[in-house]
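Trainee: Sequence and predicted model, in that order:
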Amino acid sequence: MKERISTLLKREPSSEVVTAEGWVRTKRESKHVCFLEVNDGSSLKGLQVVIDKERLGDQALLDSITTGSSIIAAGTIVSSQGASQAVELASSNLTLVGSCPVDTYPLQKKRHSLEYLREIAHLRARTNTFGAVTRVRNVLSWAIHQYFQERGFIWVHTPLISASDAEGAGQMFQVTTLDLANVPKTAEGAVNWDEDFFGRQSFLTVSGQLEGETYAMAMKNIYTFGPTFRAENSNTTRHLSEFWMVEPEMAFCTLDGNMAVAEEFLKHLFKAVLEHSGEDMEFFSNFVEAGMRETLAKIIETPFVHLTYTDAVKELEKHNDRFSYPVKWGIDLQSEHEKFITEVIAKSPTIVTDYPKDIKAFYMKLNDDEKTVRGMDVLVPRLGEIIGGSEREADYDTLIARMAEMKLDPADYWWYLDLRRYGSVPHSGFGLGFERLVQYVTGMGNIRDVIPYPRAPRLADF
């Protein structure tokens, strides 16, 4: 394979002929020289290609090259005379691969709004902002696997189609092959799911957690990393209908161990992006969220604050006049409350634990007070919740009782209950919404701008 532009930019000047392939970002001409900035997505900065018009001898070719055109340029790396780059490519061999009509090309030589770029999501990766987001997303994906693989976790591929609601919330996309214009019915008038493809109601998964737990009970430490789906009608800057989740599950692990892994994991990811995405992080710090690099560096060096839900509520109640949603014990904390905890009360990333059982999922381990569960949320400034997890209920009878409280049919979870019958052990895990991680690291204001093609209510384009 030919070298990427990111590698060519690091070369020393020499007489060796090299080749650059990419898309033209800008074009400038003088009487004797043409300057092209060419980018192939491997770096924020493009490679300046300098063409001596007399030596090339093909003005018609140069005239046909416009912003957005794809080209191949061969030449030698030389010291640049300009101040914005150390080296450039002196090219004597230029090929136009794909032309680009300048009058209809949607990416003009001006700053485009993020809202406009969402309308042309198939082209927005060619901009500085979305190129940088994509590279950071790639580095974070690699760092996730690196963290778990180096610590002996096994990557498990959990199903995307499931008959179980891991969250018990019912906000799921149904999967069916039934003819919706002629739905088969039972004698009682209900939908006859027996005639559907799977012979029962099936859905796109909201989480790989339950299946992940089954493998943790055999492999001890596992993790999932894949797409999940929520049919939640939320048009906010923090919600998507399709997003990626990272979900480790650890056998012989209590809540304390779970919290320690979550903190170490986040710090590993932040460190990786600072080490391997320096150019892009400088861009985000300068043009998106001021001081983002310094914020991440500080988090890496700072122990997370630990706070129980009850203590957090006591502190928040003192400031109820500042919230749109007043706080009282028993409510699910809103984003404004989570941000207040990290930015005002703790002034640090915070792990909130021991939530009321009534606002948490059925699988979370019940505390001795029988009012709270051993759940935890990791909160970060500016965003709020970035990780949610818990110690899982390992006792069969307690889990059956919790399912009854939440009106869940144990028959639907017979295989999950088997884990508590056959060699049950304390076990814990958490979920990290990958897009929220990317959003936090980059400082991007809308989660729809950190995934290539966002899916949200009434949004399934491309």
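Mentor: Now that the structure is in, tell me what you want to look at.
Trainee: Quick check: phi and psi on Ser162?
Mentor: Note on Ser162: its backbone torsions stand at phi -140, psi 150 [degrees, to the nearest 10].
Trainee: nope, Pro356 is what I meant
Mentor: Torsion angles, degrees, to the nearest 10, at Pro356: phi -60, psi 140.
Trainee: got it, and Leu107?
Mentor: Dihedral angles (degrees, to the nearest 10) for Leu107: phi -100, psi 90.
Trainee: Would you confirm that it contacts Leu123?
Mentor: Yes: assessed by Cβ atoms under 8 Å, Leu107 is found in contact with Leu123 at 6.0 Å. Heads up, the C-betas are built off the backbone N, CA and C, glycines and all.
Trainee: can you map out the strands along the stretch 51-200 of the chain?
Mentor: Assigned by DSSP state E, counting those that start in this stretch, the stretch 51-200 of the chain shows strands spanning 70-79, 87-98, 154-155, 161-162, 174-175.
Trainee: residues contacting Asp412?
Mentor: By Cβ atoms under 8 Å, 6 or more residues apart in numbering, the contact list for Asp412 reads 163-164.
Trainee: cool, and Gly152?
Mentor: Counting by Cβ under 8 Å, 6+ apart, Gly152 touches Asn221.
Trainee: Likewise for the one 10 residues further on?
Mentor: Under the criterion of Cβ under 8 Å, 6+ apart, the contact partners of Ser162 comprise 202-205, 211.
Trainee: Dump the residues you listed to JSON lines, plus distance to Glu336 and pLDDT.
Mentor: As requested, the contacts of Ser162 are exported to JSON lines (distance: Cβ to Cβ, whole Å; pLDDT from 0 to 100):
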{"residue": "Ser202", "distance to Glu336": "37", "pLDDT": "94"}
{"residue": "Phe203", "distance to Glu336": "31", "pLDDT": "95"}
{"residue": "Leu204", "distance to Glu336": "30", "pLDDT": "96"}
{"residue": "Thr205", "distance to Glu336": "30", "pLDDT": "95"}
{"residue": "Glu211", "distance to Glu336": "34", "pLDDT": "96"}
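Trainee: Give me the subset of those lying in helices.
Mentor: Glu211 (DSSP state H).
Trainee: ok, and the closest non-adjacent residue to the residue of the chain most remote from its centre?
Mentor: The C-alpha centroid of the chain is most remote from Glu54, which lies 49.3 Å away (Cα atoms, centre = their mean). If the residues on either side of it in the chain are set aside, Glu54 comes closest to His32, at 6.5 Å by Cβ to Cβ, 6 or more residues apart in numbering.
Trainee: Okay, now the sheet partners of the helix or strand harbouring Pro248, with direction.
Mentor: Assigned by DSSP states H and E, Pro248 belongs to strand 242-251. If you go by DSSP bridges, strand 242-251 pairs up with strand 221-229 (antiparallel), strand 427-433 (antiparallel).
Trainee: among the ones you listed, which is the most enclosed?
Mentor: Of the strands paired with strand 242-251, the one with the most neighbours on average (mean count of other Cβ atoms under 10 Å) is strand 427-433, at a mean of 24.
Trainee: tilt between the following helix or strand past that strand and strand 427-433?
Mentor: Moving toward the C-terminus from strand 427-433, the next helix or strand (DSSP H and E) is helix 434-442. Counting by axes from the mean of the first three to the mean of the last three Cα atoms, to 10 degrees, helix 434-442 points 60 degrees away from the direction of strand 427-433.
Trainee: from here on, count from 449
Mentor: Right, with 449 as the first residue, what we last looked at is helix 882-890.
Trainee: for helix 882-890, packing partners?
Mentor: helix 576-598, strand 690-699, helix 703-724, helix 726-735, helix 740-749, strand 832-840 (3 or more Cβ pairs under 8 Å, 6 or more residues apart in numbering; DSSP states H and E).
Trainee: So what touches the worst-scoring helix or strand of the chain on mean pLDDT?
Mentor: Here the helix or strand of the chain ranked lowest by mean pLDDT, DSSP states H and E is helix 501-504, holding a mean of 90. Helix 501-504 is contacted from outside by 479-482, 507, 510, 540, 542, using Cβ under 8 Å, 6+ apart.
Trainee: Look up how far Lys475 lies from Glu661.
Mentor: Per Cβ to Cβ, to the nearest Å, Glu661 is found 56 Å from Lys475.
Trainee: go on, Leu722?
Mentor: Distance of Leu722 to Lys475, computed by Cβ to Cβ: 34 Å.
Trainee: What's the local residue count around His570?
Mentor: Counted by other Cβ atoms under 10 Å, the residues lying close to His570 total 12.
Trainee: Kindly report the same for the one 5 residues further on.
Mentor: A count of nearby residues for Thr575, using other Cβ under 10 Å, gives 17.
Trainee: from what I can see it touches Leu555, true?
Mentor: Yes: counting by Cβ under 8 Å, Leu555 is a contact partner of Thr575 at 6.7 Å.
Trainee: what sits against the nearest residue to Cys701 once chain neighbours are set aside?
Mentor: Among residues not flanking Cys701 along the chain, Ser876 sits closest, at 4.4 Å (Cβ to Cβ, 6+ apart). Taking Cβ under 8 Å, 6+ apart, we find Ser876 in contact with 697-698, 701-703, 705-706, 837-840.
Trainee: Which of these are buried? Put it as a ChimeraX command.
Mentor: A single ChimeraX command selects the buried members of those (16 or more other Cβ atoms under 10 Å):
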select :697,698,701,703,706,837,838,839,840
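Trainee: Same list (the contacts of Ser876) but as a markdown table, adding pLDDT.
Mentor: Formatted as a markdown table, the contacts of Ser876 follow (pLDDT from 0 to 100):
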| residue | pLDDT |
| --- | --- |
| Glu697 | 98 |
| Met698 | 98 |
| Cys701 | 98 |
| Thr702 | 98 |
| Leu703 | 98 |
| Gly705 | 98 |
| Asn706 | 98 |
| Gly837 | 98 |
| Ser838 | 98 |
| Glu839 | 98 |
| Arg840 | 98 |
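Trainee: sorry, back to before: more neighbours: Glu661 and Lys475, which one.
Mentor: Shown here are Glu661 and Lys475; by other Cβ under 10 Å, Glu661 has more neighbours (23 against 18).
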